[in-house]
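Asker: sequence first, predicted model second:
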Amino acid sequence: MFRFATVERSDLYGAVLDVFGVAGEHLETALGLDAVRERLRGIGWVAAIEDEDLHEALRKLVQWELLDVVHNHAENYRTAEEYERRNLQYSLTRRGEAALAGLRHALEVLASTGALQTAVLEAIADRLDELCLLSAEPASADRRIFSTLRELEGHLDALMENTKAFNGELQRLLRAEGADLEVFREVKAATVTYLQEFLVNLDRRGQAVAAALARVEERGTAVLRERALRGAELPPMAGEDPAAGWLESRRARWTGLRAWFLADDGARPRIEQLHDIARRAIVSLLQVLERINESRRRSSSAVQDFRELARWFAAAPVEEDLHRLWSAAFGLGSARHAHLAHSDPELIPSSRSWSEAPPVEVSALLRTSGRTERFTRTAKVRDVAAVRAERAERARAERAELALAWQALETDGPVRLSSFGTLDRAVFDRLLDLFGRALAARPDASGLRRATTGDGRVEITLAPPSDGRTAVLHTAKGSLTGPDYVVHITAAGGASASSALRAAPQEAAG
């Protein structure tokens, strides 16, 4: 099928196939000799080509079953030359379409770099949520189910292809040794930053996709595929029914989606494996960057030092010079502990030989730094009672301030956001944080958004304004304008907010 890319004049064969591919995009299925020549110039072929060479190229492609040739009996020919030029019509066979698609895909792979795109993960989660909603709608939504399922498969293909290409580039980068250390260091540093940004909230995005996938499977994937098949409106074909192959392809794609985000039979999802690969790559790149920076700080590398020392050894005139060079290079001179004496020299008679005298203890510090140990008094242990008391007092003050802030925000029932009016800065910060958590949450069936603080003590219920009113909150630093939401702030669990909030200062005092 790809023999045309390995023989002589493969560029001409590839250009001719590209001509038929471009013609197919314009819904032209057959081309004659003159049309092929004209379209060759249109795709950028500027070299002169004789009719005999073009005929030979077309004949070879027909011989390799990449083109099909038929006689055009619908035309009227005035001369034999015109008959010879316009009689034969060429078109792509199925093998030719596959060969052209393979060639184009190969060129795209060579030009692509791959990427880790968090937007694709969010798009997959959105398409799964949409499928979950469409599965409950009547049969009129079959076409939308088909289009949504195909979009989901497209996002999954983009995730797999980009991740595979980026991982290949990443592994080649880890093995590469650049000649220009400055450019090499910048590329690796930028890659570390890119990986770190990708890992932010990757676990949360992966869990969101897994949860959406589980919700769709609860409604039944077989029924979903059958409805997508009806929405696909496949054309009738002679021979085998294409529906079975189409359903099998969708089932294989769904299995691939599960392998990425759900664990089956104890196997880890591929999204977790990608997380581990990215973390290991960050560590490896940081180690390489550290070695590069270390080499830049040194005037010369250890390898160059030893090579220069080897040249000195080779140039030494006599053996005594070799010994002196060895001693100077590696510090193996006279013993540095010869001046040490026994802790109680009076116990050792002067007439006793040194070989019979008890050994003198040599400190390890002397071998490493050339200095003997000196023992002094143990340092006094610092009294940290005052520091501990100061930190405890600061913690109590912060908790009391937090409790007062929540008490100021407590509501007896649902109120308008505009009812808060003017707020202290600390109280405003707490309200803004809790308000942001509620807006980030998904609304429930009744349209309400619910969220709690980080410690789970306070809960907020948020309802959108139905009359389009605007609220203005004033602080010492400025004013905040926004929709006048209906807010209800209580203690989590439905207990009295005031009793729960008043407990905070008592816990701080304890």
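Answerer: Received, thanks.
Asker: can you classify the nearest residue to residue 257 once chain neighbours are set aside as helix, strand or coil?
Answerer: Excluding the flanking residues, the one nearest residue 257 by CB to CB, 6 or more residues apart in numbering is residue 156, at 5.6 Å. Heads up, the C-betas are built off the backbone N, CA and C, glycines and all. Three-state call for residue 156 (DSSP: H, G, I helix; E, B strand; the rest coil): helix.
Asker: just the pLDDT for residue 156.
Answerer: We have a pLDDT of 87 for residue 156.
Asker: equivalent analysis for residue 299, please.
Answerer: pLDDT, residue 299: 57.
Asker: cool, and residue 343?
Answerer: 73.
Asker: numbering from 4 from now on, please.
Answerer: Right, with 4 as the first residue, what we last looked at is residue 346.
Asker: just give me the neighbour total for it.
Answerer: 9 (other CB atoms under 10 Å).
Asker: that one: what secondary structure?
Answerer: coil.
Asker: measure it to residue 364 for me?
Answerer: 8 Å (CB to CB, to the nearest Å).
Asker: before we move on, what about residue 284?
Answerer: Counting by CB to CB, the gap from residue 284 to residue 364 is 49 Å.
Asker: so these two - more neighbours on which side?
Answerer: Legend: neighbour count by other CB under 10 Å for residue 284 and residue 364, higher for residue 284 (18 against 10).
Asker: quick one: the more buried one and residue 201 touch, right?
Answerer: No - contact criterion CB atoms under 8 Å: residue 284 and residue 201 do not qualify, at 10.6 Å.
Asker: buried residues in the helix or strand residue 57 falls within?
Answerer: Here residue 57 sits within helix 54-66, counting by DSSP states H and E. Neighbour counts over helix 54-66 (16 or more other CB atoms under 10 Å) mark 57, 60, 61, 63, 64, 65 as buried.
Asker: quick one: contacts for the second one?
Answerer: Think residue 60. By CB atoms under 8 Å, 6 or more residues apart in numbering, the contact set of residue 60 is 12, 15, 16, 19.
Asker: what helix or strand is the closest residue to residue 202 other than its chain neighbours on?
Answerer: Of all residues not flanking residue 202 in the chain, residue 281 sits nearest, at 5.7 Å (CB to CB, 6+ apart). Residue 281 is part of helix 273-300 when elements are defined by DSSP H and E.
Asker: residue 437 now?
Answerer: Going by DSSP H and E, residue 437 is in helix 428-443.
Asker: show me what that helix is packed up against.
Answerer: Judged by 3 or more CB pairs under 8 Å, 6 or more residues apart in numbering; DSSP states H and E, the packing partners of helix 428-443 are helix 388-412, strand 452-455, strand 461-466, strand 473-478.
Asker: most neighbours per residue, which of these?
Answerer: strand 461-466 (a mean of 20; mean count of other CB atoms under 10 Å).
Asker: that older thread, take the buried residues of helix 54-66 and lay them out in CSV including distance to residue 164.
Answerer: Below are the buried residues of helix 54-66 laid out as CSV (distance: CB to CB, whole Å):
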residue, distance to residue 164
57, 36
60, 33
61, 34
63, 33
64, 29
65, 34
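Asker: what's the burial count for the nearest residue to residue 257 once chain neighbours are set aside?
Answerer: Distances taken as CB to CB, 6+ apart place residue 224 nearest to residue 257, at 6.0 Å, with adjacent residues excluded. The criterion is other CB under 10 Å. On that basis, residue 224 has 17 neighbouring residues.
Asker: now residue 360
Answerer: With other CB under 10 Å as criterion, residue 360 counts 13.
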